[in-house]
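Undergrad: Structure for this input, please:
(chains A and B)
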Amino acid sequence: MRANQRLAANARQAGTACGHRFRRLSATHLAPGRRLRQSKIGPMVRRARWRRAVWFGLLALAVLAAGYTVFLDFRVRHEFEGRRFALPARIYARPLELHVGLRIPEADVVRELDALGYRTQAREGESGWYVRNGNQLDIAARPFVFWDGPQPARRMRVTFDGDAVSALRDMQGADLPLARLEPIAIGGIYPTNNEDRVLVRLGEVPKSLIDELIAVEDRRFYTHWGFDPRALARASLSLFTGRVEGGSTLTQQLVKNFFLTPERTIQRKLTELVMAVLLELHYSKQEILETYLNEIYLGQDRDRAIHGVGLAAQFYFGKEVHSLTLEESALLVALVKGPGYYDPYRHPRRALERRNLVLRETKDEGIITAAQYEAARATPLGLKAKPGTGTSPYPAFVQLVHRQLREDYDDADLRSEGLRIFTTLDPRVQAAAEHALTDRLAQFDRQKRFGAPGLEGAVVIADPQTGEVQALVGGRETTFRGFNRALDTARPVGSLLKPAIYLTALADPSHYTLATPLDDSPFVWKARGAEDWRPANYDRRFHGAVPLIVALEQSYNVAAARLGTGLGVERVIATARKLGIERDLPPYAATLLGAVALSPFEVAQMYQTIASGGFRSPLHAIRDVTTQDGTPLKRYPLAVEQAFPPEPVYLLVAALQGVVRQGTAQSLAQWLPPEIGAAGKTGTTNDQRDAWFAGFTGDHVGVVWVGYDDDRAARLLGASAALPVWGEAMAALQPEPLALPLPEGVEQAWIDPQTGLLADSGCAGAMQLPFAAGSAPTARAPSCAGVAVGERVKSWFERIFGL
Amino acid sequence: MRILTLLLALLAGCAAVPPGVPPAPPAPPQENLAVASLVDSAHNEAAAGRLASAAASLERALRIEPRNPRLWRELAAVRMQQGEYAQAESLAARSNAWAGSDAQLRAENWRLIARSRDARGDADGARAANETAERYAR
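TA: Residues are numbered from 1 along each chain as shown, chains lettered A, B, ... in the order given. Take a look at the predicted model:
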């Protein structure tokens, strides 16, 4: 009676937590049979006293058996009650939000829907499909519980014009302001055995599935006491034929999965039987069935084990369990016997036969009619197109998510509480980054353009306005969960650090403007206790006096070193820190030219601050976290800190746009048209071991590193090895033009490139440059009409600006 | 709530450009339905005291129109209500960065910055911000 009350209490609990209170034991957790075997062997007795000894032995055996049963009973109750299935944290990409004006090709929306497992045929009354019709896309979006609440299933019609959404309507033709699709699941943080499941309550499981399961696996489930004597007798007979098989009730199967090792001995069989009876004593059929349906192993997705009908329904059919059809349920029941052998992706014919057998037995039991049977039998398997990608298709990004989560959560909770993690990953951006990196590296290998094959790389792309990480590629094997170069490789950054020098200078407009001449003549830096430092330019020449903007555009090392040491290495390092470099940079002059090792992720943070006009937003991969049932737990709100006033950053960005327009990154024009106005910087390190490119458009800031893991010299140039990857990724994304708002304190002035003085806009060769208010030259250049170009030795201004 | 009312008053007042200030170009070139609906949700959520949801809705709007200074301004106001004063100031500065010649918006941003500094006990900073606000409001 007391047990019944407890059960009722459990059932009430189960109302919210469903089968949640059961947890699977680890495989190391005992084999009780062995202990029994040892203790059963009593001391040898003399023949004369055999009778007494037998009685004694039997008594001892009875006591032991009773004790063992009590022990098992304890285990059954202890392990089943108050325990739960370990549910992995589930990680989602950003949801795609459709609205009029969104620039996205129809093909990319279709790709998103395919990744969500949507079907390509209309199924009235169901959600999770789309139909393409010319430039129209009809979508039956599934319901989804977002951080801000549940969103019901909805139908919509999206019309495309060119590569943008031109109309978004419901099926009555009314305009929809916004339609948020469900996010793609991109992975999880799994228990150590990579067991994955989606818990379902018995009420959600279609009756047909339960009927089929019972018809095939355990016909007398509702009447037996945990074991089926007839089936057991059959199985016992087969013992003597040498094969232990069949005869297991659902309860026994559950016990086996929960508590026991897979060894096939009589002892184990007996223990299983006793425990099954105990289980039946303590729990209702409904509870046992619910637990079974959540526990059962139904497939393997590379390293991820598919458990339970909830996840299996998603994995094979891309739908929730309650909407499974008769024949779809039958396939899941068919898989109980052997998910590998009957794997419907690898052995479709075998799976189909087994499924139809399930259907036939269901018909034979009188549960479905002959007509239903015939109709179901004639239906193809109807699997979801994409068979999954293991624990994650984006292991590098998931690693970043995991690390950022661990700042707020216990790892054990992440692996067992079924948290739902909503991230910032944009699958479109990720795909573009992956393709660009893998294609380019493969091409370099084929062309033998650099050193030996096996070049590696990493890409980080973020939203410059918010700091959201949109893509992270940790190496050319993008689905390999290994060394994450985007986060964990730290390589010298070369010229990528130069913007910190120039920003330090431009923040002092009384001394430095974009037109200020810098000295690019031979330079020696002497420091006590260190060797003299003699920086050289890449072209091994010196260029005399060059305007500041040109020194950055052409990446002149000597001018930058002289400027940086003049400003003070400490000041430049302070600027780098404000830009978001948290790592301690050594206060040596060589740091100025990038003799410090940073990860692509750190560099991306630095360029995010520049790209947003001086507003640093910590790069982050997570937006929200909810519990398994959708209750919000934590938000990671957009965080902004103004690290620099807008004026010097604006000037720096103008110079970095110059790098792309006419400097070391000119070749980017192959990928991006000039009206994008991309800004960026190439980086190449000593002996050309590392190639970098960091840059930004209006909506993406990206960093690419290319090099060898073993740090060998590779004749790598930022502009020839890393820039093409960046350019290709960005071109695929059709980026927004870069248009930094003109700060109030910035004015434009026309400059005579020859003298660096004010000029008229009509003057031949006059160029417009931005200046912090009051810092533009005030003196006018002599009349431009009087200068005969070509008669004089060309100044640096002239040569650079192509006069 | 007070801030929201102020904000609504501000948005309403934006239509009338005070004399002497160059006319502000409309911030978004055309009203984006998606953004408008998200801003509506944010207002409703803020009115119901669900500030985190209001912030989330505004962030969604910002992903669609990151250059809309009014969205940054609204987010600053919500952060202010949440007691995130430093964030409120940064977001108001972000709004200023995109404000162009919208002096009215700049003035309101500076007033919010003043309140944020006040709340953090920076009286001098608050006074300076208020003076800047007055300059724009004139």
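Undergrad: Name the helix or strand for residue A:436, please.
TA: helix A:427-447 (DSSP states H and E).
Undergrad: now the chain, which segments are flagged as low pLDDT?
TA: Picking chain A for this. For chain A, the stretches with pLDDT under 70 are A:1-48, A:81-84, A:232, A:235-247, A:260-264, A:386-389, A:451, A:714, A:753-754, A:783-803.
Undergrad: Wait, chain B was what I had in mind.
TA: Using pLDDT under 70, chain B drops low at B:1-30.
Undergrad: next SSE after the longest helix anywhere in chain B?
TA: Ordering each helix of chain B by length in residues (DSSP state H) puts helix B:103-119 first. Next in sequence after helix B:103-119, counting helices and strands by DSSP H and E, comes helix B:123-137.
Undergrad: neighbouring contacts of that next one?
TA: B:18, B:103-104, B:106-111, B:113-115, B:117-118 (CB atoms under 8 Å, 6 or more residues apart in numbering or on different chains). (C-beta placed from N, C-alpha, C; glycine too.)
Undergrad: Kindly check the end-to-end length of stretch A:419-431 for me.
TA: 26 Å (CA to CA, to the nearest Å).
Undergrad: Check the offset of that stretch from the chain's centre.
TA: How far stretch A:419-431 lies from its chain's middle: 6 Å, per CA atoms, centre = their mean, to the nearest Å.
Undergrad: what do you get for stretch A:423-434?
TA: Using CA atoms, centre = their mean, the offset of stretch A:423-434 from its chain centre is 8 Å.
Undergrad: touching chain B at all, it?
TA: No - residues of stretch A:423-434 contacting chain B under CB under 8 Å from any CB of the partner chain: none, with a closest distance of 9.8 Å.
Undergrad: Can you tell me the element the residue nearest the centre of chain B falls in?
TA: Centroid-nearest residue in chain B, with CA atoms, centre = their mean: residue B:73, separated by 2.2 Å. Assigned by DSSP H and E, residue B:73 belongs to helix B:69-81.
Undergrad: What residues does chain A have near chain B?
TA: A:97, A:99-102, A:147-148, A:175, A:177-178, A:463, A:465-466, A:613, A:615, A:624, A:632, A:635, A:637-642, A:646, A:699, A:739, A:741, A:743.
Undergrad: rewinding a little: out of the contacts of helix B:123-137, which is nearest to residue B:83?
TA: Using CB to CB, residue B:115 comes nearest to residue B:83 of these, at 11.8 Å.
Undergrad: For residue A:752, give its distance to residue A:549.
TA: 14 Å (CB to CB, to the nearest Å).
Undergrad: Between the two, point out the one with more neighbours.
TA: residue A:549 (29 against 24; other CB atoms under 10 Å in any protein chain shown).
Undergrad: What residues sit buried inside stretch B:38-53?
TA: Across stretch B:38-53, burial judged by 16 or more other CB atoms under 10 Å in any protein chain shown covers B:38-39, B:41-43, B:45-46, B:50-53.
Undergrad: Please parse chain A into its domains.
TA: For chain A, the structural domains run A:24-82+A:201-295+A:338-377, A:95-182, A:746-800, going by automatic domain parsing.
Undergrad: Need those domains in CSV (columns: distance to residue A:419).
TA: Putting these into CSV (distance: least, CB to CB, whole Å) gives the following:
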stretch, distance to residue A:419
domain A:24-82+A:201-295+A:338-377, 18
domain A:95-182, 12
domain A:746-800, 46
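Undergrad: Quick one: neighbours of residue A:650, just the number.
TA: 22.
Undergrad: residues from chain B in reach of chain A?
TA: Residues of chain B lying near chain A (CB under 8 Å from any CB): B:32-34, B:36-38, B:52-53, B:55-57, B:59-60, B:62-64, B:66-67, B:75, B:79, B:86-87, B:90-91, B:93-94, B:97-100.
Undergrad: does residue A:437 really touch residue A:456, like I thought?
TA: No - assessed by CB atoms under 8 Å, residue A:437 is found out of contact with residue A:456, at 9.4 Å.
Undergrad: what is in contact with these two at once?
TA: In contact with both residue A:437 and residue A:456: residue A:476, using CB under 8 Å, 6+ apart.
Undergrad: When these two are compared, which one has more neighbours?
TA: residue A:437 (27 against 19).
Undergrad: give me every residue that touches that one.
TA: A:457-459, A:473, A:476, A:478, A:704, A:725, A:729.
Undergrad: quick check, nearest of these to chain B?
TA: residue A:729 (19.7 Å; CB to the nearest CB).
Undergrad: for that closest one, helix, strand, or coil?
TA: helix (DSSP: H, G, I helix; E, B strand; the rest coil).
Undergrad: what's the spacing between the residue lying closest to it once chain neighbours are set aside and residue A:675?
TA: In space, and not counting its chain neighbours, residue A:729 is closest to residue A:436: 3.8 Å by CB to CB, 6 or more residues apart in numbering or on different chains. In this view, residue A:436 and residue A:675 are 21 Å apart by CB to CB.
Undergrad: What of residue A:634?
TA: 41 Å.
Undergrad: who's more crowded, the two?
TA: Counting neighbours by other CB under 10 Å for residue A:634 and for residue A:675 shows that residue A:634 has the greater number, 17 against 8.
Undergrad: who does the helix or strand harbouring that one pair up with?
TA: Taking DSSP H and E as the definition, residue A:634 sits inside strand A:632-635. Here strand A:632-635 has these sheet partners by DSSP bridges: strand A:622-626 (antiparallel).
Undergrad: What are the contacting residues of the partner strand?
TA: With CB under 8 Å, 6+ apart, strand A:622-626 has contacts from A:94, A:145, A:147, A:401, A:404-405, A:409, A:419-424, A:468, A:632-636, B:56.
Undergrad: In helices, which of the residues you listed appear?
TA: A:401, A:404-405, B:56.
Undergrad: Between helix B:69-81 and the longest helix of chain B, find me the angle.
TA: 20 degrees (axes from the mean of the first three to the mean of the last three CA atoms, to 10 degrees).
Undergrad: okay but residue A:115 is in contact with residue A:427, surely?
TA: Yes - with contact defined as CB under 8 Å, residue A:115 reaches residue A:427; the gap is 6.4 Å.
Undergrad: okay, the two: which has more neighbours?
TA: Taking neighbours as other CB under 10 Å, residue A:115 and residue A:427 compare with residue A:427 leading, 21 against 18.
Undergrad: For the longest helix anywhere in chain A, buried residues please.
TA: Counting residues, the longest helix found in chain A (DSSP H) is helix A:50-80. Under the neighbour-count criterion of 16+ other CB under 10 Å, helix A:50-80 has A:53, A:68, A:72-73, A:75-77, A:79-80 buried.
Undergrad: one step back: now the element after the helix holding residue B:73, going C-ward?
TA: helix B:85-97.
Undergrad: Summarise which helices and strands that next one is packed against.
TA: Where contact means 3 or more CB pairs under 8 Å, 6 or more residues apart in numbering or on different chains; DSSP states H and E, helix B:85-97 is packed against strand A:615-616, strand A:641-642, helix B:69-81, helix B:103-119.
Undergrad: Identify the contacts common to residue A:115 and residue A:427.
TA: By CB under 8 Å, 6+ apart, the residues touching both residue A:115 and residue A:427 are residue A:184.
Undergrad: before we move on, back to that, what's the spacing between the residue nearest to the centre of chain B and residue A:604?
TA: Distance, residue B:73 to residue A:604, by CB to CB: 28 Å.
Undergrad: how far away is the residue of the stretch 551-700 of chain A found nearest chain B from residue A:695?
TA: Per CB to the nearest CB, residue A:640 is where the stretch 551-700 of chain A lies closest to chain B, at 4.4 Å. Computed as CB to CB, the residue A:640 to residue A:695 distance reads 21 Å.
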